[in-house]
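J.: Structure for the following, please:
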Amino acid sequence: MGAVPTEPDDAELELIRRSGVVLRVGRLSLSAGTGSYRVKASMGRIAHALGIERHHAHVTLTEITTTSHRGRTFRTEVTEVRTVGVNTDRLAELELLAQRVEARAPVTVEDVGAEIDRITAKPPLYPVALNALWAAIACAAFAFLNNGGPVEVIGAFLGAFLGQGLRRIMLHRGFNQFGVTMLAGALSSLGYLGFVQALHALGVTGPVHEAGYVAAALFLVPGFPLVTGALDLAKLDFSAGVARLTWALMIFVSAAFAVWVVSIAVGLSPDPPVALTLDPALMTTLRLVASFVGVLGFALMFNSPWRMALAAASVAAVPNLLRIEAVLLLDWPPQAAAAIAAFLVGLGAAWVAPRLNIPRITVYVPAVTIMVPGVPAYRAMYYLNNGDVTQALTYGVSAALVVTALAVGLAVARMVTDREWGFEH
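T.: Model (predicted):
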C-alpha cells in the first residue's frame, strides 16, 4: 500500500504563505519588464524580511521557479507570466516596497500582501491619449535627430500618436502582442504618409519627405527588452537574456514587416533624408533639446512618473548629443560613440537614482532607448525583404554593434559603481 498523505503542519503552512507572497513580488516585477537579476534581488529581499532563511530563484522571460527554505522545510513553486510589458512606475513601487519591508523586518505576510494588492490595483498613470502623446513626442524628436525637417517631425508625431493609441488600446484588451505590433506599425506609417500626401495635394510641399516615414514607427523599437536582455547576459543569466532578446527581436520583426508591407504597397524606400543645413550652434542646441524631449517622451510612455522621466531625460541629453557629434564631426565609429555615451548615462543614473530613491533601471534604460538604432534596423529589414542582402547586412550589422555597445557601456558603468556587479558570488 502507498503512503497515506498527511496534512501540512503549521510550520509548513506558514512557509507556503510566505513563499507565495515572495512569488507574487517576482511575478509583478517580471511582468513590469525588469531584468531577471532585479527580479531575483527583489524576491530575495522580501524573502529575508519574511523570515525565509534561504531563497533561490530561476527566472526566464515568462517563468519563475523558486525554492524557499525555513529550518528543515522547503517549498518549490513555479509560476508563469503571460503578459510582459514595461511599467517603470510599478518597478519603482516594488523597489520602495522592498526597502520598507527590509527596514521593518521582520514583517507579516498580511502586511506585504496588502501592499502587493495596492500595487497590483494601481492603474496606469496616463490615459490612452496622453500615453500616445508621449510616444508621438518621442518619435518627433527621433525624426529630427535623424535629419528630419519640419514635415518629417510633424508627420512622425501624427503617425506615432495614431499607432501608439491603437497599440495601447489593443494590448489592454488582451490581443496578441505581435499582431498588435504589426497593426500599430502599419497605422503609424500610413498616418505619416497620409499627412505628407495631404500636404503634397495642397501644394504645400513636394513628395520628397516620404523618406522619413520610418520615424513614425520608432516607438515600436523594443529598447527596454533589448537593453535588459543584454544586461542579463552580462550577469551570465543566459536563459533569461537569450529569451528576452529573442522576444525583442520578434517584436521588432513584426513592426518592421508591417512597415515594409506599407512601403511596398505605396512604392517607397527608407532612404536617409537630406541633412539639414542650419547654423552649427543652432543645430547643436536643437539636438540637445531633441535628445532631452525624446528621452522624456519615451520615459513617460513607459509609465514613469514625471520626476523619474525628467531624471532620465536630464541624464541622457548631454551624452546623446556627444554621441551624435562624435560620429558626425569626429568620424568616430557609431558603436564606439554609443558605448561611451551609455557609460556616461550609467554613471549619471548611479548618481541620480539613489538621491531620488528610484531604481537605476528606470533611469538608464529610457535614457539609452533614444540611442537604439531603430532607423538602420528598419532599413536592414527592408532590404532583406527585398533580397538586397549586402545592404541588409550593412545596416543590420551596424545596428547590432550599436545595441551591443550600449549594453557594454551600461554594464561597465554598473560594474564600477555597484559592488554586486563588480564581483561574482
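J.: Can you pull the poorly scored residue ranges out of the stretch 201-350 of the chain?
T.: Residues of the stretch 201-350 of the chain meeting the criterion pLDDT under 70: 206-211, 273.
J.: and the residue nearest the centre of the chain, what helix or strand is that in?
T.: Centroid-nearest residue in the chain, with CA atoms, centre = their mean: Phe224, separated by 1.7 Å. Taking DSSP states H and E as the definition, one finds Phe224 inside helix 223-234.
J.: need the next SSE after that helix, C-terminal direction.
T.: Following helix 223-234 in sequence order, the next helix or strand is helix 238-266 (DSSP H and E).
J.: for that next one, packing partners?
T.: Under the contact criterion of 3 or more CB pairs under 8 Å, 6 or more residues apart in numbering; DSSP states H and E, helix 238-266 touches helix 36-49, helix 177-201, helix 223-234, helix 374-385. (Each C-beta comes from the backbone N, C-alpha and C, glycine too.)
J.: could you check the angle helix 374-385 makes with the second one?
T.: Compare the direction of helix 177-201 with that of helix 374-385 by axes from the mean of the first three to the mean of the last three CA atoms, to 10 degrees and you get 100 degrees.
J.: Give the buried residues for helix 177-201.
T.: For helix 177-201, the neighbour count (16 or more other CB atoms under 10 Å) marks 177, 180-193, 195-196, 199-200 as buried.
J.: And stretch 315-334, by the same measure?
T.: 315-327, 332, 334.
J.: From these, which land in helices?
T.: Under the assignment DSSP state H, these contribute 315-327, 334 to helices.
J.: residue ranges for the strands of this protein, please.
T.: Counting by DSSP state E, the chain has strands at residues 54-59, 63-70, 73-80.
J.: Present those strands as a markdown table; the columns should include distance to Ile46 and mean neighbour count.
T.: Below are these laid out as a markdown table (distance: least, CB to CB, whole Å; neighbours: other CB atoms under 10 Å):
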| stretch | distance to Ile46 | mean neighbour count |
| --- | --- | --- |
| strand 54-59 | 9 | 18 |
| strand 63-70 | 11 | 19 |
| strand 73-80 | 14 | 14 |
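J.: Show me the one of the ones you listed that comes nearest Pro272.
T.: Across the strands of the chain, Pro272 has its closest neighbour in strand 54-59 (40.3 Å, CB to CB).
J.: Determine the set of other helices and strands touching the closest one.
T.: The contact analysis (3+ CB pairs under 8 Å, 6+ apart) places strand 54-59 against helix 10-31, helix 36-49, strand 63-70.
J.: and those, which is most packed in?
T.: helix 36-49 (a mean of 23; mean count of other CB atoms under 10 Å).
J.: Touching that one from outside, list them.
T.: Helix 36-49 is contacted by residues 18-19, 21-23, 25-26, 29-30, 55, 57, 59-60, 64, 66, 68, 91, 94-95, 97-98, 101-102, 104-107, 112, 231-232, 235, 237, 240-241, 244, 359, 361 when judged by CB atoms under 8 Å, 6 or more residues apart in numbering.
J.: Now do the same contact list for the residue nearest to Leu300 when sequence neighbours are not counted.
T.: Counting by CB to CB, 6 or more residues apart in numbering, Leu300 lies nearest to Trp134, which is 3.9 Å off, once chain neighbours are set aside. By CB under 8 Å, 6+ apart, the residues touching Trp134 are Tyr126, Leu296, Gly297, Phe298, Leu300, Met301.
J.: now, which of the residues you listed lie within helices?
T.: Residues of the contacts of Trp134 located in helices (DSSP H): Leu296, Gly297, Phe298, Leu300, Met301.
J.: which one of these sits closest to Asp418?
T.: Of all the ones in helices among the contacts of Trp134, Asp418 sits closest to Phe298, with 23.7 Å by CB to CB.
J.: just checking, that closest one touches Pro366?
T.: Yes - the pair Phe298 / Pro366 is scored as a contact, 4.9 Å apart, by CB atoms under 8 Å.
J.: where's Tyr395 relative to Val402, distance?
T.: Look at Tyr395 and Val402: by CB to CB, to the nearest Å, they are 11 Å apart.
J.: Name the residues contacting each of those two.
T.: With CB under 8 Å, 6+ apart, Tyr395 and Val402 have common neighbours Pro376.
J.: pretty sure the residue nearest to the centre of the chain is in contact with Val368, am I right?
T.: No - with contact defined as CB under 8 Å, Phe224 does not count as touching Val368 (9.9 Å).
J.: Between the two ends of stretch 137-156, how far is it?
T.: Stretch 137-156 has an end-to-end distance of 9 Å (criterion: CA to CA, to the nearest Å).
J.: starting at the chain centroid, how far to that stretch?
T.: Here stretch 137-156 is found 20 Å from its chain centre; the criterion is CA atoms, centre = their mean, to the nearest Å.
J.: what does stretch 363-374 give?
T.: Counting by CA atoms, centre = their mean, stretch 363-374 is centred 8 Å from the centre of its parent chain.
J.: Could I get the average pLDDT for that stretch?
T.: Mean per-residue pLDDT for stretch 363-374: 89.
J.: Can I get it in PDB, CA atoms only?
T.: Provided in PDB are the C-alpha atoms of stretch 363-374 (Å, rounded to 0.1, in the frame of the first residue of the first chain):
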ATOM      1  CA  VAL A 363      16.600  56.000 -15.400                       C
ATOM      2  CA  TYR A 364      19.200  54.400 -17.600                       C
ATOM      3  CA  VAL A 365      17.000  52.300 -19.900                       C
ATOM      4  CA  PRO A 366      14.700  55.100 -21.100                       C
ATOM      5  CA  ALA A 367      17.900  57.200 -21.300                       C
ATOM      6  CA  VAL A 368      19.600  54.900 -23.800                       C
ATOM      7  CA  THR A 369      16.400  53.900 -25.700                       C
ATOM      8  CA  ILE A 370      16.800  57.000 -27.900                       C
ATOM      9  CA  MET A 371      20.300  55.700 -28.800                       C
ATOM     10  CA  VAL A 372      19.000  52.400 -30.100                       C
ATOM     11  CA  PRO A 373      19.500  52.400 -33.900                       C
ATOM     12  CA  GLY A 374      15.900  51.900 -34.900                       C
END
